[in-house]
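S.K.: sequence? don't have it. structure:
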């Protein structure tokens, strides 16, 4: 078990941030993080089979997506934002503009635009071709620009 745990721990060190970003991008912070927890537990239980796959991260992402739909939203305490000095500037209409995008466009735009994934990295995590990532990114960014009223300047 120790050898299996060590192998999974090495895999987690590299993969967990990418999987977390992808699930949060798709399902939002609360549901995405809950799905991540369930997915990592699933990955540990099935590591003997997962480690021989060509793309175990992609497999776990798909498992996380399935698990996220089973998670019931929790009632959260009243949100308290961090102090003003720690908040980065974010366009006030960004949240509403992101909701205009399809789920796939939103995933790609967040991964590539916000988390600085390359198209190849996003394609690997989302299990799609690089050209599809490029297309979803371009169309998603165009829809965001339109929703925010931003020109091509």
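M.R.: Happy to help now that I have it. Predicted, not measured: the structure shown is a model, and the values here were computed from it.
S.K.: shaky segments in this structure?
M.R.: Applying pLDDT under 70 to the chain picks out residues 1-2, 4, 72-90, 151-153.
S.K.: where along it do the helices fall?
M.R.: 2-27, 29-45, 47-50, 56-70, 94-100, 103-108, 119-126, 130-148 (DSSP state H).
S.K.: what's the neighbour count on the nearest residue to residue 39 once chain neighbours are set aside?
M.R.: Distance criterion CB to CB, 6 or more residues apart in numbering; nearest residue to residue 39, sequence neighbours excluded, is residue 64 at 3.9 Å. C-betas here are computed from N, CA, C, even on glycine. By other CB atoms under 10 Å, 25 other residues sit near residue 64.
S.K.: how close does residue 64 sit to residue 100?
M.R.: 24 Å (CB to CB, to the nearest Å).
S.K.: again with residue 47
M.R.: Distance from residue 47 to residue 100, by CB to CB: 39 Å.
S.K.: also residue 69?
M.R.: 22 Å.
S.K.: more neighbours, the two?
M.R.: When neighbours are counted by other CB under 10 Å, residue 69 and residue 100 differ, and residue 100 comes out ahead with 14 against 9.
S.K.: and residue 14, how many neighbours?
M.R.: 9.
S.K.: before we move on, what about residue 116?
M.R.: Residue 116 has 8 nearby residues by other CB under 10 Å.
S.K.: need the nearest residue in space to the residue nearest to the spatial centre of the chain, chain neighbours excluded.
M.R.: Nearest to the geometric centre of the chain sits residue 22, at 1.2 Å (CA atoms, centre = their mean). Spatial nearest neighbour of residue 22, excluding adjacent residues (CB to CB, 6+ apart): residue 125 at 5.0 Å.
S.K.: please apply the same query to residue 150.
M.R.: residue 144 (7.8 Å).
S.K.: from what I can see that neighbour touches residue 95, true?
M.R.: No - Residue 144 lies out of contact with residue 95 (CB atoms under 8 Å); the separation is 11.4 Å.
S.K.: if you count what's nearby, which of those two comes out ahead?
M.R.: Neighbours were counted for residue 144 and for residue 95 using other CB under 10 Å; residue 144 has more, 21 against 9.
S.K.: show the contacting residues for that one.
M.R.: Contacts for residue 144 (CB atoms under 8 Å, 6 or more residues apart in numbering) come out as 97-98, 100-101, 109, 150.
S.K.: try residue 104
M.R.: 126, 136.
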